[in-house]
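S.K.: sequence first, predicted model second:
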Amino acid sequence: QKEVEQDPGPLSVPEGAIVSLNCTYSNSAFQYFMWYRQYSRKGPELLMYTYSSGNKEDGRFTAQVDKSSKYISLFIRDSQPSDSATYLCAMDRSGNTGKLIFGQGTTLQVKP
Amino acid sequence: ETGVTQTPRHLVMGMTNKKSLKCEQHLGHNAMYWYKQSAKKPLELMFVYSLEERVENNSVPSRFSPECPNSSHLFLHLHTLQPEDSALYLCASSQPGLGFNEQFFGPGTRLTVL
């Protein structure tokens, strides 16, 4: 069983839709949960991170963590064509081990 | 230059060649990382350097040899690679400390082994 599972998609939605991206994990020791965005021919960039369970909002993006279910989500409201990218979830036991465990990534296309 | 840069951006090599990938970070960080990103697979952490010392080696074959001459530069020396080593090789850097430690990634080197 992979430590982190993420549906690779691709996921295609119309502009303005609400997008839900998800990951499940098996290691209950994970405490920090991250979402990275990777555009084509670029390296990943950090979108948001969350410590332990709960929600975090940043503009059109909301990250949710449910540690009891070992399930994390990223919601994108009012999706835009510029949101078209691959979204990677990543996890760490503490915030600074440097040993991130990534999901496979979900490719999102937002159509105008 | 800003952020994390990687050269070359694309590399094609034969199985008997020797080549090197270069990474440079302009962020004043003291930890650097090599990752491998293959199609349909999660990013795999290969090596971690902290204060120029290797602190992690995730069972990477010896045909990959990292070098960190100072905290700003990281190299990945390649020799006698296999076609399955074709992938995007990403470098990242961070500043470890208390609390959350964000990793900043370079654009990657797309490697093709013939």
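M.R.: In hand now; what should we look at?
S.K.: C-alpha from now on. contacts and neighbour counts both.
M.R.: Fine.
S.K.: list the buried residues in stretch A:16-27.
M.R.: A:Val19, A:Leu21, A:Asn22, A:Cys23, A:Thr24, A:Tyr25 (16 or more other C-alpha atoms under 10 Å in any protein chain shown).
S.K.: the helix or strand that contains B:Leu78 close to chain A?
M.R.: In the assignment (DSSP states H and E), B:Leu78 maps to strand B:73-79. No - on the criterion C-alpha under 8 Å from any C-alpha of the partner chain, strand B:73-79 is out of touch with chain A, staying 16.0 Å away.
S.K.: what helix or strand is the nearest residue in space to A:Gln6 that is not next to it in sequence on?
M.R.: Ranked by C-alpha to C-alpha, 6 or more residues apart in numbering or on different chains and with sequence neighbours excluded, the top spatial neighbour of A:Gln6 is A:Cys23, at 4.7 Å. Secondary structure assignment for A:Cys23, by DSSP H and E: strand A:19-25.
S.K.: so A:Asn96, which state does it fall into?
M.R.: coil (DSSP: H, G, I helix; E, B strand; the rest coil).
S.K.: check which helix or strand the closest residue to it other than its chain neighbours maps to.
M.R.: Nearest non-adjacent residue to A:Asn96, counting by C-alpha to C-alpha, 6+ apart: B:Asn101, 4.9 Å away. B:Asn101 belongs to no helix or strand when assigned by DSSP H and E.
S.K.: what is the neighbour count of B:Asn101?
M.R.: 16 (other C-alpha atoms under 10 Å in any protein chain shown).
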